Every structure is written in C-alpha cells, then in structure tokens.
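Trainee: quick one: sequence and predicted model below, then my questions.
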Amino acid sequence: MFGFDNIAANNGWAMAAVGATIVFSGLVVLSFVISQIHKLLKLMEKREAPPEQQEAAQPAVEAPKVATPAIKTAYLPSVDDLIPIYRPLVEQLDDPFELSQLYQISQKMDLAHPHLSIRQLWEANVLISQGDGTFTWNKL
C-alpha cells in the first residue's frame, strides 16, 4: 500500500494536522514572548538595583516648562543693511534680471548667506517680481 491510502490507513492526516498545530502554536507563543521581553528585562533591572537607586531612577513628576523665545535670524543683516550691499551688484545686471544671476555675483563676492539675503530683499519688496521669472530693483 502506497500513497494516500497508506496515509489514511495509518492516521497520517491527523498526525499532519496535529504537527502543524503544534508548530503554529509554538511560533505564536515565541512571538508573544519576544514582543514582551522588554517588560521582563525592565522588571529584572528593578529587582537587581538597590532601593536607593530605584527611587533615583524614577523620573521626576514633570519637568518645568521653559518658555523659549521665537527663533530670530540674528545672524542675518537687516534689509536696510543689505540694500547698500546688493544695490551695486544689481546695477551690474541688465534690467530686468534673474535671481540666479544675482546669486552668482553674490557668491563671487563671497557674501554671507546669499539665498537668505536675496529672499529677505524679495520679501521686503526691494526686489520686485515681473511675473516671468525676472526681477527689478525697487527704486524708492
């Protein structure tokens, strides 16, 4: 007798089902134990530490909140300080000009933070957008 008849005659299907159930149950138990091992380790660490250290290890009830001031870009010059620096650079360019041209010139002149400075001039309406990607200097 060979094949499926032999398996059925000797309770092979039942043995296969019990074996699969045992393996699956073992994997479920193992995954649960692994997922909870951090709690077990924490418990063991608390037992090994002397009572003085256990009290010191307890976190404070709540740390006092310190009001932090809003971050201000103090390292950048003001718009009034940037105008005399960038006006001669803009005069070298054709009117209207692209910001990439102004950026290249400011990098050649080794000016600090050219992206931020140009943006600051743009937000202060010193550099006026023409709508087609070009800009002009606001001559106030």
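Mentor: Happy to help now that I have it. Residues are numbered from 1 along each chain as shown.
Trainee: I'd say Leu111 and Ser117 touch.
Mentor: Yes. With contact defined as Cβ atoms under 8 Å, Leu111 counts as touching Ser117 (6.7 Å). For glycine as for every other residue, the C-beta is placed from the backbone atoms N, C-alpha and C.
Trainee: which neighbours do these two have in common?
Mentor: Here Leu111 and Ser117 have Ile85 as joint contacts, going by Cβ atoms under 8 Å, 6 or more residues apart in numbering.
Trainee: what's the mean pLDDT across the lengthiest helix in the chain?
Mentor: For the chain, the helix with the greatest residue count under DSSP state H is helix 12-35. The average pLDDT within helix 12-35 is 95.
Trainee: ok, and what's touching it?
Mentor: Contacts to helix 12-35, defined as Cβ under 8 Å, 6+ apart, come from residues 6-7.
Trainee: do stretch 133-140 as well
Mentor: Stretch 133-140 is contacted by residues 87, 90-91, 95-99, 102, 122, 125-130 when judged by Cβ under 8 Å, 6+ apart.
Trainee: distance from that stretch to the middle of the chain?
Mentor: With Cα atoms, centre = their mean, to the nearest Å as the basis, stretch 133-140 stands 36 Å off its chain's centre.
Trainee: can I get the CA coordinates of that stretch in CSV?
Mentor: Extracted in CSV, the C-alpha atoms of stretch 133-140 (Å, rounded to 0.1, in the frame of the first residue of the first chain):
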residue,chain,number,x,y,z
GLY,A,133,10.9,84.8,-13.6
THR,A,134,12.7,88.1,-13.8
PHE,A,135,13.1,90.8,-11.1
THR,A,136,13.8,94.5,-10.9
TRP,A,137,15.2,96.7,-8.1
ASN,A,138,12.6,98.8,-6.4
LYS,A,139,14.0,102.4,-6.6
LEU,A,140,12.4,104.0,-3.6
